[in-house]
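[1] sequence and predicted structure are below.
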Amino acid sequence: MAMPIQMQRPVEGAATQGPPGGSPSYRSALTLLASLFFMWGFITVINNTLLPHLRSVFDLSYTQTTLIESVWFIAYFFASIPSAKLIERVGYQRAMVFGLGLMAVGALMMVPAARLPSYGVTLVALFVIASGITLLQVAANPYVAVVGPPETASSRLNLVQAFNSAGATLAPLFGGYLILGRSTSGTAVAGSTAVLTPAERLADAQSVVLPYLIVAGVLVVLAIVIARFPLPAMGAATQRSAKADRKGLSLWSHRNLVLGIPAIFIYLIAEIGVANLFINFVSQPQIGNLTHEQASHYLFILWGGMMVGRLVGSVVMRTIPAERVLAVASIGAFVVMLIATFTTGHVAMWALISVGLFHSIMFPTIFTLGIRGLGPLTEEGSGLLIMAIAGGALVIVQGWLADTYGLQISFLLTAACELYILFYAVWGSRVTDALPDPVAVS
């Protein structure tokens with residue numbers, strides 16, 4: 001399936017030359033894009049504090065709880081192609097403003113969802129927010145990948161993704177204080193089995209109103225800033241190639257892309273499974289014996305590890321091949337997930353926290369390895385890799401495993417995901433045109 005993505009029409013009055021990596025105008029554009037990476041990382045990780053909160057409010061099983069996050073990532077599947085078409089029609093800058101506006105609408109929908117309260121309206125609101133994030137992702141990731149020399153694409157995307165992790169790092173503190181810290185369930189003693197009264201459930205549900213009003217306000221301000229910012233056109237480097245140039249070429253003849261799509265898909269299962277079940281895991285008496293509010297402070301450390309890992313990775317990958325760094329990270333993640341699964345107490349807790357450090361470089365590195373060598377097909381390949389983020393929807397499988405076999409055992413699924421990433425780093429990411437029976441791109 002080919003996915004047409006045109007990164008940007010030239011902005012009136014903007015320079016149209018190719019991207020000189022060190023140009024001040026492009027540095028300004030990347031700085032602005034970093035704020036987008038920060039915001040969607042922040043909003044995505046608010047879910048990690050929202051889910052244990054909603055589990056108490058609506059008395060949900062782990063399967064029902066992870067369904068909330070599945071709906072979030074299903075949006076990536078359904079919104080990716082419409083996002084690409086919108087970018088092609090209205091241009092990169094207007095599409096970004098539209099995406100931020102869509103996210104603000106979804107955040108405002110959380111207000112009636114909380115006041116009712118309604119599980120169904122909550123799912124719809126989160127789907128709308130995720131659709132706006134998808135639009136930003138479809139454009140921003142390939143933009144960063146092509147804005148400088150190809151050989152440093154992984155380093156550059158890891159650097160900008162560090163801002164995404166910075167947002168993710170601060171989100172648990174924000175959600176822990178304004179959601180969990182202001183609710184009865186969030187401040188309950190670890191292991192408490194007390195059932196919330198109807199009045200307590202309503203009060204807990206409404207604790208999300210203020211945080212999402214704040215988020216909506218910030219998104220509107222950021223949309224106004226971007227609408228007025230003179231973003232440079234990226235020139236020929238980001239234009240979709242003419243049909244004649246692509247005739248006879250096939251996305252599916254590139255092993256690094258074909259195996260990179262499931263690598264993104266599978267990695268998201270691992271990352272989202274750890275993040276979404278983290279608070280419930282470390283709160284258990286045999287692990288950390290914490291309240292949900294206290295556990296959110298440790299989630300801050302997990303996402304902080306991802307931020308540090310991406311900053312370090314952006315430096316390391318300037319001298320060490322990206323696929324080698326990815327292989328080492330996948331081995332480290334596999335080991336700590338086994339420790340988290342088969343031990344207890346603070347050893348298990350800190351093992352799960354440390355996986356953030358190993359996960360840090362995986363998404364941006366897989367993404368840049370996946371589009372390496374695609375040439376005229378780079379934009380279409382980028383779109384398919386972004387669509388693969390929908391793999392996060394399968395976190396519901398881990399929810400089912402947690403309900404059926406136990407929360408701790410469910411992390412064996414995460415360990416299995418790390419093994420596929422290792423396979424991709426060692427063999428699957430190699431650039432080749434040797435795959436049989438290619439499907440021609442029309």
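    On my side now, so go ahead.
[2] I'd like the next helix or strand past the lowest-mean-pLDDT helix or strand in the chain.
    One helix or strand of the chain scores below all others by mean pLDDT, DSSP states H and E: helix 243-246, with a mean of 58. Using DSSP states H and E, the helix or strand that follows helix 243-246 towards the C-terminus is helix 255-258.
[3] which helices and strands sit right next to that following helix?
    helix 362-371, helix 378-387 (3 or more Cβ pairs under 8 Å, 6 or more residues apart in numbering; DSSP states H and E). C-betas here are computed from N, CA, C, even on glycine.
[4] pull up the gap between residue 313 and residue 430, please.
    20 Å (Cβ to Cβ, to the nearest Å).
[5] I misspoke; the intended subject was residue 54.
    43 Å.
[6] follow-up on the earlier one: the helices and strands packed on helix 255-258: lowest mean pLDDT?
    Among the helices and strands packed on helix 255-258, helix 378-387 has the lowest mean pLDDT, at a mean of 80.
[7] can you show me the CA trace of that helix as PDB?
    Provided in PDB are the C-alpha atoms of helix 378-387 (Å, rounded to 0.1, in the frame of the first residue of the first chain):
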ATOM      1  CA  THR A 378      11.200   8.000   1.300                       C
ATOM      2  CA  GLU A 379       8.000  10.000   2.000                       C
ATOM      3  CA  GLU A 380       5.700   6.900   1.400                       C
ATOM      4  CA  GLY A 381       7.900   4.700   3.500                       C
ATOM      5  CA  SER A 382       7.800   7.300   6.300                       C
ATOM      6  CA  GLY A 383       4.000   7.300   6.200                       C
ATOM      7  CA  LEU A 384       3.900   3.500   6.600                       C
ATOM      8  CA  LEU A 385       6.200   3.600   9.600                       C
ATOM      9  CA  ILE A 386       4.100   6.300  11.300                       C
ATOM     10  CA  MET A 387       1.000   4.100  10.700                       C
END
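[8] what's the angle between that helix and helix 362-371?
    Per axes from the mean of the first three to the mean of the last three Cα atoms, to 10 degrees, the angle that helix 378-387 makes with helix 362-371 is 150 degrees.
[9] who are the packing partners of helix 378-387?
    By 3+ Cβ pairs under 8 Å, 6+ apart, helix 378-387 packs against helix 62-90, helix 119-146, helix 255-258, helix 260-283, helix 362-371.
[10] buried sites along the strand or helix carrying residue 349?
    Per DSSP H and E, residue 349 falls inside helix 345-359. With burial defined by 16 or more other Cβ atoms under 10 Å, the residues of helix 345-359 counted as buried are 348, 349, 350, 351, 352, 353, 354, 355, 356, 357, 358, 359.
[11] now pLDDT too, for those, in TSV please.
    As requested, the buried residues of helix 345-359 are exported to TSV (pLDDT from 0 to 100):
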residue	pLDDT
348	97
349	97
350	97
351	97
352	97
353	96
354	97
355	97
356	94
357	95
358	97
359	96
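[12] how many neighbours does residue 315 have?
    Neighbour count of residue 315, defined by other Cβ atoms under 10 Å: 12.
[13] coming back round to it: of the helices and strands packed on helix 255-258, which approaches residue 166 most closely?
    helix 362-371 (14.2 Å; Cβ to Cβ).
[14] for that closest one, the distance to its chain's centre please.
    13 Å (Cα atoms, centre = their mean, to the nearest Å).
[15] residues in contact with that helix: which ones?
    The list of residues contacting helix 362-371 from outside it, by Cβ atoms under 8 Å, 6 or more residues apart in numbering, reads 141-142, 145, 153-154, 157-158, 161, 256-257, 260-261, 263-264, 267-268, 271, 310, 313, 317, 322-323, 325-326, 329-330, 333, 378, 381-382, 385, 421, 424, 429.
[16] buried ones only from the residues you listed, please, as a ChimeraX command.
    Selection command for ChimeraX covering only the buried members of these, criterion 16+ other Cβ under 10 Å:
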select :141,142,145,153,154,157,158,161,256,257,260,261,263,264,267,268,271,310,313,317,322,323,325,326,329,330,333,378,381,382,385,421,424,429
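[17] residue 165: what secondary structure?
    helix (DSSP: H, G, I helix; E, B strand; the rest coil).
[18] what count of nearby residues applies to it?
    26.
[19] excluding its backbone neighbours, what's nearest it?
    residue 307 (3.5 Å; Cβ to Cβ, 6 or more residues apart in numbering).
[20] repeat for residue 297
    Nearest to residue 297 is residue 176, by Cβ to Cβ, 6+ apart, at 6.4 Å.
[21] I'd like to know which elements the helix or strand that neighbour falls within is packed against.
    Residue 176 belongs to helix 153-178 when assigned by DSSP H and E. Counting contacts by 3+ Cβ pairs under 8 Å, 6+ apart, helix 153-178 packs against helix 24-57, helix 119-146, helix 209-228, helix 292-316, helix 362-371.
[22] pick the most buried one from these.
    helix 362-371 (a mean of 28; mean count of other Cβ atoms under 10 Å).
[23] now distance to residue 83 too, for the helices and strands packed on helix 255-258, in TSV please.
    Output for those, formatted as TSV (distance: least, Cβ to Cβ, whole Å):
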stretch	distance to residue 83
helix 362-371	16
helix 378-387	8
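[24] so which of the ones you listed comes closest to residue 402?
    Of these, nearest to residue 402 by Cβ to Cβ is helix 362-371, at 22.7 Å.
[25] next, the angle helix 153-178 makes with that closest one.
    150 degrees.
[26] under the pLDDT cut-off, which ranges of the stretch 251-400 of the chain? List them.
    Applying pLDDT under 70 to the stretch 251-400 of the chain flags the ranges 379.
[27] what number of residues are in the vicinity of the closest residue to residue 74 other than its chain neighbours?
    Using Cβ to Cβ, 6+ apart and skipping the chain neighbours, the partner closest in space to residue 74 is residue 393 (4.7 Å). Counted by other Cβ under 10 Å, the residues lying close to residue 393 total 23.
[28] flag the shaky bits of the stretch 51-200 of the chain, pLDDT-wise.
    In the stretch 51-200 of the chain (pLDDT under 70), the answer is 142-143, 145-151, 153, 185-196.
[29] now with 80?
    51-53, 56, 84, 87-88, 91-93, 138-159, 176, 178, 180-198, 200 (pLDDT under 80).
[30] before we move on, the earlier item: need the buried residues of helix 345-359 in JSON lines with distance to residue 172, can you?
    Converted to JSON lines, these look like this (distance: Cβ to Cβ, whole Å):
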{"residue": "348", "distance to residue 172": "19"}
{"residue": "349", "distance to residue 172": "15"}
{"residue": "350", "distance to residue 172": "16"}
{"residue": "351", "distance to residue 172": "18"}
{"residue": "352", "distance to residue 172": "14"}
{"residue": "353", "distance to residue 172": "12"}
{"residue": "354", "distance to residue 172": "16"}
{"residue": "355", "distance to residue 172": "15"}
{"residue": "356", "distance to residue 172": "11"}
{"residue": "357", "distance to residue 172": "16"}
{"residue": "358", "distance to residue 172": "19"}
{"residue": "359", "distance to residue 172": "16"}
